[in-house]
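below are the sequence and a predicted model for it; my questions follow.
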Amino acid sequence: MLRTGRNLYRLLKIARTLARHGALEPFEGALSGAGVAPAVIGAARLFARPLVTVKGRPGERLAAALVQLGPAFIKFGQMLSTRADLIGEATATDLSALQDQLAPFPAAAARATIEQELGRPVVALFLSFEDQPISAASIAQVHFATIAPTDIIPSGEVAVKVLRPGIEAALARDIDLLRWLAELAHRTQPRLRRLKPVEVVETFADTVKTEMDLRLEASAAAELAANFAQDPTYLVPPIDWRLTARRVMTQQRITGIPIDDRAALLAGGHNIREVMTRAAAIFFNQVFRDGYFHGDQHPGNMFVDAEGRIGVVDFGIMGRLDRATRFYLADMLLGFLNRDYRRVAEVHFDAGYVPPHQSLDSFAQACRSIGEPIFGRPLQEISFARVLGQLFQLAEGFEMEVQPQLLLLQKNMLMAEGVSRRLDPELNSWALAQPLIEVWMRENRGPEARLKDAVNDAVRIVRRLPYMADRLEQLVTGITREGVRVDPESLARATQGSGRGVIWALWIALAALAIFVLLKL
């Protein structure tokens, strides 16, 4: 009861803020079935006075309201920007531009946090520390500082990220409200259950939880750096683990030109096509080669340094794609490019994204409506991010499971394509990455690769056979000890069948291996 009263009061304040920005309407339909919503909305409208004359698109007004509501809602709005299936493409586009910038908190509070986390005075930890932050976001702010040069950071120039005071409690309060609303919507709005409101909030809570521990962000940066250790074109600033803790992270300072600033890049002597080619290769390798990608690659987080390297900061949001998901993406995009829409549909059914009781033929026809408009157009004119977005919009009609990792990927694809258009409208990151795409497809989705996968699967089965035999023996022994009579003839037949299975598995593995070797010769 206490939780309900607290959340209703908070909901009234939120509704009032949305009403003052002219951004309440999109939520009325979703909340109307909850019983309490009409009263809350009515009260909000009664006490709401617009801050200014309401202007702009609905998504722009919503973004302004979320900024006023604070850190949790800014972050939630950024996550909603990946959910065009939930809020519509126009609103999603407006929310994708939501700026994660707030007024800085006092330097004294930042210094106190650093000293509490690292156990020593700031003057003992850094040779210098700039009290004016270089950036201030909803979760943390960043200060420049210097340390004695080390092997890892020879310049001694570092950036120190510090969490906002009290941010954990503030986010916990707002996440509890969002969770309560999601549970309410799930109970009272059956038509919204397909959108999995509770799972959406839990995904958001998990993301924010990661951002609340800067040691996890530092670990993400270290993993990304290890993936590109042999690539001199990509700079992931190294972490100083001595000066990193739960609420403080210290890493090498990087400087450069924002990656979408064409004029500055040209003035700095950079070749635009070369910059775009490097950026395309980096993004492709993150997604397909490694299955681990920076989840917030907007221009404010990416720079081109004097040597032409692309540097990246802010590792609070990272995406991970398992091997099966990467193969799904490759097969799906290949199907679209080959106009094989039945194959595109089969890929979705095989992955379990579309339930088996749906019509494969109908889904293939829907995929055709997406693919035909792009057929015959040059690769640089094709937006794969929009292809993915249109697929997600098919979700409602075919009960298609929305995959959070693919939503994050689509958001980053849109960002990459947007940067590409700003730098050179005649080029496209996917056209520049085409050689990498072709090699990866050949090595991972070609006939040889599929045969190799079959051999590996057979070998894994053979390796598990001794374990399966041991388990069978343990099962029989356990049954015998319990006094249950085991028919010897039945056991012999089962053992004989297992033996035949072992022999057949071995023959299949050897035959597949022989064919693979012959193809390699």
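Right, received. Where do you want to start?

wait, Ala170 sits on Ala72?
Yes: the pair Ala170 / Ala72 is scored as a contact, 6.8 Å apart, by CB atoms under 8 Å. C-beta: built from backbone N, CA, C; applies to glycine.

quick one: which of these two has more around it?
Taking neighbours as other CB atoms under 10 Å, Ala170 and Ala72 compare with Ala72 leading, 24 against 15.

measure that one to Arg179 for me?
11 Å (CB to CB, to the nearest Å).

show me the domain layout of the chain.
Listed domain ranges for the chain are 2-99, 101-253, 254-444, 447-520 (source: automatic domain parsing).

report pLDDT for Thr82.
Thr82 is assigned 69 on the pLDDT scale.

the one 4 residues further on too?
Reading off the confidence values, Leu86 has pLDDT 66.

do the same with Ser219
97.

same check on Asp296?
Note on Asp296: pLDDT of 84.

likewise Ala65?
So, for Ala65, pLDDT stands at 86.

ok, it - how many residues close by?
Neighbour tally, Ala65, other CB under 10 Å: 21.

quickly find the element holding it.
If you go by DSSP states H and E, Ala65 is part of helix 58-69.

could you list every helix and strand in contact with that helix?
helix 2-20, helix 25-31, helix 71-80, helix 89-96 (3 or more CB pairs under 8 Å, 6 or more residues apart in numbering; DSSP states H and E).

again, only using 7 Å
Packing contacts for helix 58-69, counted by 3 or more CB pairs under 7 Å, 6 or more residues apart in numbering; DSSP states H and E, involve helix 2-20, helix 71-80, helix 89-96.

let me have the ones you listed in JSON lines, adding distance to Arg343 as columns.
Listed next are the helices and strands packed on helix 58-69 as JSON lines, based on distance: least, CB to CB, whole Å:
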{"stretch": "helix 2-20", "distance to Arg343": "44"}
{"stretch": "helix 71-80", "distance to Arg343": "32"}
{"stretch": "helix 89-96", "distance to Arg343": "26"}
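
most tightly packed of those?
Stretch with highest mean neighbour count among the helices and strands packed on helix 58-69: helix 71-80 (a mean of 22; mean count of other CB atoms under 10 Å).

which residues touch Ala63?
Gly77, Asp94, Leu95, Leu98 (CB atoms under 7 Å, 6 or more residues apart in numbering).

can you redo the residues you listed as JSON lines with distance to Glu307?
As requested, these are exported to JSON lines (distance: CB to CB, whole Å):
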{"residue": "Gly77", "distance to Glu307": "36"}
{"residue": "Asp94", "distance to Glu307": "36"}
{"residue": "Leu95", "distance to Glu307": "35"}
{"residue": "Leu98", "distance to Glu307": "32"}
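
from those residues, which two are the most distant?
Gly77 and Asp94 (9.6 Å; CB to CB).

check which helices and strands the strand or helix carrying Val344 sits against.
Using DSSP H and E, Val344 maps to helix 341-351. Using 3+ CB pairs under 7 Å, 6+ apart, the elements in contact with helix 341-351 are helix 323-337, helix 360-371.

so which bits of that helix are buried?
Of all the residues in helix 341-351, those buried under the rule 16 or more other CB atoms under 10 Å are Tyr341, Arg343, Val344, Ala345, Glu346, Val347, His348, Phe349, Ala351.

ok, Ala137 touching Ala103?
No: assessed by CB atoms under 7 Å, Ala137 is found out of contact with Ala103, at 10.8 Å.

of those two, which one has the most company?
Ala137 (22 against 6).

how much space between the more buried one and Pro197?
For Ala137, the distance to Pro197 - CB to CB - is 26 Å.

same deal with Ala145?
42 Å.

now swap in Leu333 and tell me
From Leu333 to Pro197 the distance is 30 Å (CB to CB).

same deal with Phe129?
From Phe129 to Pro197 the distance is 44 Å (CB to CB).

before we move on, what about Glu168?
In terms of CB to CB, Glu168 sits 24 Å off from Pro197.

those two: who's more crowded?
Legend: neighbour count by other CB under 10 Å for Glu168 and Pro197, higher for Pro197 (21 against 17).

list the buried residues of stretch 281-292.
Ala281, Ile282, Phe283, Phe284, Asn285, Gln286, Val287, Phe288, Asp290, Gly291, Tyr292.

just the pLDDT for the fifth one.
If I follow you right, that is Asn285. 93.

could you look up the SS state of it?
Look at Asn285: counting by DSSP: H, G, I helix; E, B strand; the rest coil, its state is helix.

the protein: strands as residue ranges?
128-129, 135-136, 140-146, 157-163, 234-235, 248-252, 257-258, 292-294, 302-304, 310-312, 318-320 (DSSP state E).

quick one: distance of the fifth one to the chain centre.
Same thing as strand 234-235. Its chain's C-alpha centre and that of strand 234-235 lie 20 Å apart, by CA atoms, centre = their mean, to the nearest Å.

partners of it, with directions?
strand 310-312 (parallel) (DSSP bridges).

what does the average pLDDT come to for the partner strand?
On average, strand 310-312 scores 96.

could you report the neighbour count for Glu443?
11.

roughly how far apart are it and Gln68?
From Glu443 to Gln68 the distance is 50 Å (CB to CB).

if I look at Phe398, how far off is His348?
Distance from Phe398 to His348, by CB to CB: 8 Å.

just Lys209 next, same as before
Lys209 is 31 Å from His348, by CB to CB.

same check, this time on Gly88
From Gly88 to His348 the distance is 22 Å (CB to CB).

same question for Arg247.
From Arg247 to His348 the distance is 43 Å (CB to CB).

and if you look at Asp174?
The value you get for Asp174 to His348, if CB to CB is used, is 35 Å.

go on, Ala148?
55 Å.

between Phe398 and His348, which contacts overlap?
Common neighbours of Phe398 and His348 (CB under 7 Å, 6+ apart) are Val354, Phe363.

pLDDT weak spots in the stretch 101-250 of the chain?
Counting by pLDDT under 70, the stretch 101-250 of the chain shows low-confidence ranges at 191-192, 194-195.

ok, now which ones touch Leu360?
Ala345, Glu346, Phe349.

of these, closest to Glu217?
Phe349 (37.4 Å).

pLDDT score for that closest one?
Per the predicted model, pLDDT is 91 at Phe349.

now it: closest residue in space that isn't a chain neighbour?
Nearest residue to Phe349 in three dimensions, chain neighbours excluded: Leu360, at 6.1 Å (CB to CB, 6 or more residues apart in numbering).

next one: Leu216
Leu216 sits nearest to Thr210 (CB to CB, 6+ apart), 5.1 Å away.

what is the burial count for that neighbour?
17.

cool, Phe336 as well?
Phe336 has 23 neighbours, counted by other CB under 10 Å.

does Ala109 really touch Pro165, like I thought?
Yes: contact criterion CB under 7 Å: Ala109 and Pro165 qualify, at 5.0 Å.

great, nothing more from me.
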